[in-house]
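Got a predicted model here, sequence first, then my questions.
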Amino acid sequence: MNITSFLKPFYETTVVYDDQSLGDALITMTKHRYTSIPVITKDQKYVGTLTEGDILQFVIKNVDCLNSDNLSKYLVSEVKRHRDYEPVNVSATMPMLLSKASNENFVPVIDHNDTFVGIITRKTLLDYFFEHNFMVL
């Protein structure tokens, strides 16, 4: 089974850029109600995943950002990410994809040039298996 059939492509995926302000990133996450979001560069390279916990720890360590206006002074790239979601290549096998999806909300997908091409959500995979009556014992 080809994993690209589960892919939510880049142009449909909400992302934040590493040179974007932390305030803008937080607004994006809040607007879409995401607890984690892919971080990419302007040339579409995946650099990691930003989580609410990463932002919270950053704010706690940098007391001056407790005012939401001050979050605009910092870039997403300045936030230490504590657990980046490891991407898979578009040619990855289904077992490899499932092992990654079992631990994360989504799996970032990159191509052979390490360009971010989209994500595969755990929900998409679960919906597929439920629709096709796969039994899990």
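The structure has been received and is ready for your questions.

wait, doesn't residue 57 sit right on residue 51?
No: taking contacts as C-beta atoms under 8 Å, residue 57 lies outside contact range of residue 51: 9.4 Å. The C-beta positions use only the backbone N, C-alpha and C, and glycine is treated the same way.

list residues touching both of these two?
Shared contacts of residue 57 and residue 51, defined by C-beta atoms under 8 Å, 6 or more residues apart in numbering, comprise residue 82.

Now do the contacts for the spatially most central residue of the chain.
In the chain, the residue lying closest to the centroid (C-alpha atoms, centre = their mean) is residue 38, at 2.9 Å. Going by C-beta under 8 Å, 6+ apart, residue 38 touches 13, 15, 16, 46, 48, 49, 85, 106, 108, 116, 119.

who has more neighbours, residue 57 and residue 51?
Just comparing residue 57 and residue 51: by other C-beta atoms under 10 Å the higher neighbour count belongs to residue 51, 21 against 15.

Compute the distance between the more buried one and residue 84, please.
9 Å (C-beta to C-beta, to the nearest Å).

sorry, back to before: most neighbours among the contacts of residue 38, which one is it?
Neighbour counts for the contacts of residue 38 peak at residue 119, which has 27 neighbours (criterion: other C-beta under 10 Å).

I'd assumed that residue was in a strand, is it?
Yes: under DSSP: H, G, I helix; E, B strand; the rest coil, residue 119 sits within a strand.

Report the separation between it and residue 54.
Computed as C-beta to C-beta, the residue 119 to residue 54 distance reads 18 Å.

again with residue 16
Plainly put, residue 16 is 11 Å away from residue 54 if you go by C-beta to C-beta.

Kindly report the same for residue 98.
Distance from residue 98 to residue 54, by C-beta to C-beta: 26 Å.
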